[in-house]
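Asks: what follows is a predicted structure for the sequence shown.
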Amino acid sequence: MTSANSFQVSGYGPERAGWTRLFARDSLARRLDWPILLSALTLSLIGAMLVFSATRNRTELNQGDPYYFLVRHLLNTGIGFALMIGTVWLGHRTLRGAVPILYGASVFLVLLVLTPLGTTVNGAHSWIAVGGGFSLQPSEFVKVTIILGMAMLLAARVDAGDKQYPDHRTVLQALGLATVPMLIVMLMPDLGSVMVMVVIVLGVLLASGASNRWVFGLLGAGAIGAVAVWQLHILDDYQINRFAAFANPDLDPAGVGYNTNQARIAIGSGGLTGSGLFQGSQTTGQFVPEQQTDFVFTVAGEELGFLGGGLIILLLGVVLWRACRIALETTELYGTIVAAGIVAWFAFQSFENIGMTLGIMPVTGLPLPFVSYGGSSMFAIWVAVGLLQSIRVQRPMSA
């Protein structure tokens with residue numbers, strides 16, 4: 001009979017069925033990373049309050065129900081939490097074997113966006129309407145499959161003991177795996193998601209121990225690619241205008257620079273402690289567009305002030321700190337790469353989202369992890385949390 005300790009070392013997987021193991025002494029409860037879990041839940045609950053404040057008076061959006069977005073945000077959080085539990089139960093090692101299926105499914109979904117099934121939301125043609133007023137953004141799930149796919153390839157021979165570091169051929173295969181969905185997402189075009197994926201690829205390569213020449217080469221290729229995208233006019237006009245407004249904040253303040261200007265006014269008016277929840281004049285007056293999604297941090301800045309915005313940044317910092325600890329403490333390269341890829345994803349997306357509300361980053365439409373309204377983003381982020389928890393849960397007892 002398998003002992004509790006031997007089970008913990010080998011990991012949690014469907015082949016060892018029985019929910020009693022979840023409550024065994026010194027098993028799952030002790031091994032979970034509670035700072036990550038509690039910080040993520042707190043961020044989601046703060047996000048629910050901010051989303052409610054931003055949408056309760058928006059009758060053109062909430063269909064006359066002030067609780068419309070609040071209920072959906074809480075539902076998205078609940079589904080995401082369930083997906084996290086399922087990910088921990090399956091285990092990142094089990095999912096490693098399913099990577100080809102997951103990768104193929106994610107590529108298929110992003111291809112569907114380019115068909116008549118794809119829909120446009122806020123200028124971005126990156127969604128699939130699934131009925132009942134719900135839409136799916138496949139690019140969010142591509143972030144997860146790129147991390148898992150690259151980790152599987154880069155760690156295969158190293159974890160088997162055949163190599164100390166990934167060789168050049170393996171790195172090329174991993175880059176090819178990431179490039180396919182990235183090119184499709186660029187065709188939508190969804191520049192914000194592509195930027196996150198590029199950062200993920202760089203983070204994964206650094207964590208894998210691949211030669212630094214690959215990292216510098218990719219940075220150079222990225223710079224050349226950015227110039228080519230600009231010269232070939234691949235970007236839509238609204239995306240070009242966003243970068244123009246970022247480069248020159250005084251450019252057309254009532255037009256392309258309106259979002260950023262209003263966001264800075266809202267955050268600046270909050271002061272140290274804010275005007276109070278549901279009391280923000282910018283938010284109540286609906287001066288900042290897309291406050292429940294892209295610009296949700298402006299609600300925190302205005303109504304909760306510097307202290308409330310600082311708390312959000314602190315909680316995100318706790319998630320990143322603990323994720324870095326998990327990456328460093330795991331004894332398998334596969335787990336290290338997966339955790340590092342998630343750190344790169346969360347860190348860049350958080351910096352970009354908050355930065356664009358402050359005017360120090362261009363507006364790209366990326367949501368704030370755990371806080372912004374949006375089902376696809378919430379689901380993918382909680383799956384990533386599940387992967388982090390699984391890596392920690394399945395590490396050897398001595399780690």
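Replies: Noted; the coordinates are in hand.
Asks: where does the stretch 101-250 of the chain have low pLDDT?
Replies: 122-124, 131-133, 226, 228-250 (pLDDT under 70).
Asks: the strands in it, which residues?
Replies: Here the stretch 101-250 of the chain has its strands, by DSSP state E, counting those that start in this stretch, at 118-121, 124-131, 134-136.
Asks: any chance of these in a markdown table, plus distance to Glu352?
Replies: Heads up, the C-betas are built off the backbone N, CA and C, glycines and all. Below are the strands of the stretch 101-250 of the chain laid out as a markdown table (distance: least, Cβ to Cβ, whole Å):
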| stretch | distance to Glu352 |
| --- | --- |
| strand 118-121 | 19 |
| strand 124-131 | 15 |
| strand 134-136 | 22 |
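Asks: got TSV for the ones you listed, with distance to Lys143 and mean neighbour count too?
Replies: Formatted as TSV, these follow (distance: least, Cβ to Cβ, whole Å; neighbours: other Cβ atoms under 10 Å):
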stretch	distance to Lys143	mean neighbour count
strand 118-121	18	14
strand 124-131	13	17
strand 134-136	14	16
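Asks: quick one: distance of stretch 210-220 to the chain centre.
Replies: Average the C-alpha atoms of stretch 210-220, do the same for its chain, and the two points are 24 Å apart (Cα atoms, centre = their mean, to the nearest Å).
Asks: contact partners of it?
Replies: 154, 165-166, 168, 171, 175, 198, 201-202, 205-206 (Cβ atoms under 8 Å, 6 or more residues apart in numbering).
Asks: now the buried members of those.
Replies: For those, a burial check counting by 16 or more other Cβ atoms under 10 Å picks out 154, 166, 171, 175, 198, 201-202, 205-206.
Asks: between which two of those residues is the distance greatest?
Replies: Comparing all pairs in the buried ones among the contacts of stretch 210-220 by Cβ to Cβ, the longest separation belongs to Pro166 and Val198, at 18.8 Å.
Asks: what ranges do the strands span in the stretch 251-399 of the chain?
Replies: According to DSSP E, counting those that start in this stretch, the stretch 251-399 of the chain contains no strands.
Asks: OK, contacts around Ser281?
Replies: Counted by Cβ under 8 Å, 6+ apart, Ser281 has contacts 269, 275, 302.
Asks: look up how far Ile79 lies from the nearest residue to the last one once chain neighbours are set aside.
Replies: The reference is to Glu302. Nearest residue to Glu302 in three dimensions, chain neighbours excluded: Gly280, at 3.9 Å (Cβ to Cβ, 6 or more residues apart in numbering). When Cβ to Cβ, to the nearest Å is the yardstick, Gly280 and Ile79 sit 29 Å from each other.
Asks: repeat for Gly64
Replies: In terms of Cβ to Cβ, Gly64 sits 25 Å off from Ile79.
Asks: need the pLDDT of Thr2.
Replies: Here, the pLDDT recorded for Thr2 equals 38.
Asks: what of the one 5 residues further on?
Replies: At Phe7, the predicted lDDT confidence score is 36.
Asks: same question for the one 3 residues further on.
Replies: Per-residue pLDDT puts Ser10 at 40.
Asks: bridged to Ser135, which residues?
Replies: Counting by DSSP bridges, Ser135 is bridged to Ala129.
Asks: I'd say it and Ser126 touch.
Replies: No - at 9.6 Å, Ser135 does not count as touching Ser126 under the criterion of Cβ atoms under 8 Å.
Asks: between Gly280 and Ile79, tell me which one has more neighbours.
Replies: More neighbours surround Gly280 than the other of Gly280 and Ile79, with 26 against 14 (other Cβ atoms under 10 Å).
Asks: what sits against that one?
Replies: 53, 266, 269-270, 274, 299, 302-303.
Asks: which of the residues you listed sits closest to Ala98?
Replies: Nearest member of those to Ala98, counting by Cβ to Cβ, is Val299, at 38.5 Å.
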